[in-house]
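Asker: Would you be able to build a 3D model of this:
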Amino acid sequence: MNAAKRETIVVKVGSSLLVGEDGQARRAWLKTLVADIAKRHQAGDKVIIVSSGSIALGARKLGLDHGGRASLADAQAAASVGQIALSSLWSELLAEHQIAAAQMLLTLDDLEDRKRYLNATATLEKLLEHRAIAVINENDSVATDEIRFGDNDRLAARVAQAAGADRVLLLSDIDGLYDRRPDVETHGQFIGIVESVDDSILAMADGSSSSGLGSGGMTSKLEAAKIANLAGIELSIISGREEHPLERYALTNVGTLFKAGDGANARKSWLGGRLTSAGTITIDAGAVAALQSGGSLLAAGIITIDGQFERSDVIEINDADGLTIARGLAEYDALDCAKIIGRRSSELEALLGYAPRSAVVHRNQMVLV
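Answerer: Reported below is the predicted structural model:
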């Protein structure tokens with residue numbers, strides 16, 4: 001971490017680090033992490049914590065099997081009980097350093113809906129302005145399988161995006177990314193710096209959570225890195241197994257650093273980080289080339305559409321092989337879009353009965369992913 005420049009940092013802590021095998025919080029370790037956070041805070045950095053652990057803590061209190069994850073109802077009940085314990089724990093430990101703690105519980109919709117995203121951004125800005133540390137978790141007591149992040153790695157990246165953070169630190173049970181799982185295969189090569197998360201990097205991931213307590217894995221961390229990269233935010237995966245993990249990282253620099261991209265504007269950054277869409281448009285090779293050269297999506301390049309989207313909904317744009325290459329706001333609803341598939345711009349007014357818009361998805365409302 002840069003000691004000279006004051007930064008906004010998002011620190012994500014997973015269940016396997018925060019909760020022991022006995023289902024109780026690892027207070028001794030957590031106190032060392034909070035001491036690290038307090039040191040950064042007192043030096044002038046702004047810190048946001050994304051903390052898992054509510055389901056694991058609540059499962060023990062309720063006596064639920066499988067860490068509270070046997071069913072959605074179990075997970076929601078465990079989260080309701082465990083979130084009180086989790087927020088109290090963070091508040092108590094931060095108060096020992098004269099730091100005010102705030103709680104924010106978010107669902108996927110809170111950051112996917114543009115107005116609610118902006119509301120969350122405003123709240124974070126005000127908390128940071130007043131030097132409070134927000135402790136954020138997914139609202140697992142109400143989130144369902146269809147409307148949830150499913151892991152706090154991607155939530156941390158989206159929160160960093162909303163807060164305009166400089167970096168994200170994902171505390172993990174290993175010290176970074178390897179080209180193969182080090183606990184399964186020997187001779188795995190450690191990857192210290194990643195310029196961009198391409199297919200070769202994604203192929204190194206394993207989606208499992210080694211502890212059985214959490215819901216994430218290396219796959220979710222790489223997806224978080226893609227979100228951060230698009231928003232111009234650095235993301236690091238570092239070990240949380242040792243005491244004082246942030247100080248250890250500052251001294252040793254041991255971890256995997258995913259470099260920040262150039263950073264899209266605010267709307268494009270939000271678009272690129274979204275995890276849901278209202279529909280999909282598949283386009284031909286010529287349209288792919290046009291988009292990659294900075295052009296808009298025209299009707300002539302469309303092969304198929306899928307979904308019942310409305311104008312201004314977020315849609316994904318795929319190539320002919322099904323790979324998502326862009327995400328943007330639709331200028332037409334699905335019904336009108338179906339009428340103009342593959343047609344030239346000069347034909348659209350006759351087909352639609354009104355003056356056509358300049359593009360199906362305009363380049364100013366689109367981001368390549």
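
Asker: could you measure the residue lying closest to Q308 once chain neighbours are set aside against S80, distance?
Answerer: Of all residues not flanking Q308 in the chain, A334 sits nearest, at 5.3 Å (Cβ to Cβ, 6 or more residues apart in numbering). (C-beta placed from N, C-alpha, C; glycine too.) A334 sits 38 Å away from S80, taking Cβ to Cβ, to the nearest Å as the criterion.

Asker: what does I133 give?
Answerer: Taking Cβ to Cβ, one finds I133 at 23 Å from S80.

Asker: can you list the domains in this protein?
Answerer: Per automatic domain parsing, the structural domains of the chain span 8-269, 277-368.

Asker: Please identify the most buried of the ones you listed.
Answerer: domain 8-269 (a mean of 19; mean count of other Cβ atoms under 10 Å).

Asker: May I have the distance across that domain, first residue to last?
Answerer: With Cα to Cα, to the nearest Å as the measure, domain 8-269 spans 17 Å from end to end.

Asker: For V194, grab phi and psi.
Answerer: When read as degrees, to the nearest 10, the backbone of V194 gives phi -120, psi 120.

Asker: ugh, wrong one, D173
Answerer: Dihedral pair for D173: phi -90, psi 0, per degrees, to the nearest 10.

Asker: pLDDT score for it?
Answerer: With respect to pLDDT, D173 scores 88.

Asker: Kindly report the same for Q76.
Answerer: What the model reports as pLDDT for Q76 is 89.

Asker: Could you look up the SS state of it?
Answerer: Classification of Q76 using DSSP: H, G, I helix; E, B strand; the rest coil returns helix.

Asker: correct me, but it touches D140?
Answerer: Yes. Under the criterion of Cβ atoms under 8 Å, Q76 makes contact with D140 at 6.4 Å.

Asker: how about the nearest residue to E247, chain neighbours excluded?
Answerer: Nearest residue to E247 in three dimensions, chain neighbours excluded: D36, at 5.2 Å (Cβ to Cβ, 6+ apart).

Asker: Residues in contact with the one helix or strand that neighbour maps to: which ones?
Answerer: In the assignment (DSSP states H and E), D36 maps to helix 27-42. For helix 27-42, contacts defined as Cβ atoms under 8 Å, 6 or more residues apart in numbering pick out 1, 9, 11, 13, 17-18, 47, 49, 89-90, 93-94, 96-97, 99, 131, 133, 171, 240, 243-247.

Asker: Give me the contact list for whichever helix or strand comes after that helix.
Answerer: Where DSSP H and E defines the elements, the next helix or strand beyond helix 27-42 is strand 46-51. Residues from elsewhere that reach strand 46-51 (Cβ under 8 Å, 6+ apart): 6-13, 18, 37, 40-41, 86, 90, 124, 128, 131, 133-137, 152, 155-156, 159-160, 163, 165.

Asker: now stretch 129-136
Answerer: So stretch 129-136 is contacted by 37, 41, 46-51, 86-87, 90-91, 94, 99-106, 124, 127-128, 155, 159 (Cβ under 8 Å, 6+ apart).

Asker: hmm, back to that, weakest of the domains of the chain by average pLDDT?
Answerer: Least confidently modelled of the domains of the chain is domain 8-269, at a mean of 88 by mean pLDDT.

Asker: CA atoms of stretch 362-369 as PDB?
Answerer: The C-alpha coordinates for stretch 362-369 follow below in PDB (Å, rounded to 0.1, in the frame of the first residue of the first chain):
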ATOM      1  CA  HIS A 362     -25.200   3.600 -28.600                       C
ATOM      2  CA  ARG A 363     -21.500   3.500 -27.900                       C
ATOM      3  CA  ASN A 364     -21.900   6.200 -25.200                       C
ATOM      4  CA  GLN A 365     -24.200   3.800 -23.300                       C
ATOM      5  CA  MET A 366     -22.100   0.700 -23.800                       C
ATOM      6  CA  VAL A 367     -19.000  -0.800 -22.200                       C
ATOM      7  CA  LEU A 368     -16.800  -3.600 -23.600                       C
ATOM      8  CA  VAL A 369     -16.200  -6.400 -21.100                       C
END
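
Asker: Measure how far it is from the centre of its chain, please.
Answerer: How far stretch 362-369 lies from its chain's middle: 19 Å, per Cα atoms, centre = their mean, to the nearest Å.

Asker: Likewise for stretch 269-280?
Answerer: That offset, for stretch 269-280, works out to 12 Å (Cα atoms, centre = their mean).

Asker: got it, and stretch 346-355?
Answerer: Relative to the centre of its chain, stretch 346-355 is centred 40 Å away, using Cα atoms, centre = their mean.

Asker: before we move on, what about stretch 228-244?
Answerer: 12 Å.

Asker: Likewise for stretch 256-264?
Answerer: Counting by Cα atoms, centre = their mean, stretch 256-264 is centred 14 Å from the centre of its parent chain.

Asker: same question, stretch 299-308
Answerer: Distance of stretch 299-308 from its chain centroid, counting by Cα atoms, centre = their mean, is 28 Å.

Asker: For D336, give me its contacts.
Answerer: L352.

Asker: and it, what element?
Answerer: Per DSSP H and E: D336 is located in helix 334-339.

Asker: Distance check, the residue most central in space within the chain against D306.
Answerer: By Cα atoms, centre = their mean, the chain has its centre lying nearest to R154, at 2.2 Å. Using Cβ to Cβ, we find R154 at a distance of 24 Å from D306.

Asker: you'd agree E21 is in a helix?
Answerer: No. E21 is assigned coil when assessed by three-state DSSP, not a helix.

Asker: any idea how far S51 is from A79?
Answerer: Noted for A79: a distance of 12 Å to S51, by Cβ to Cβ.
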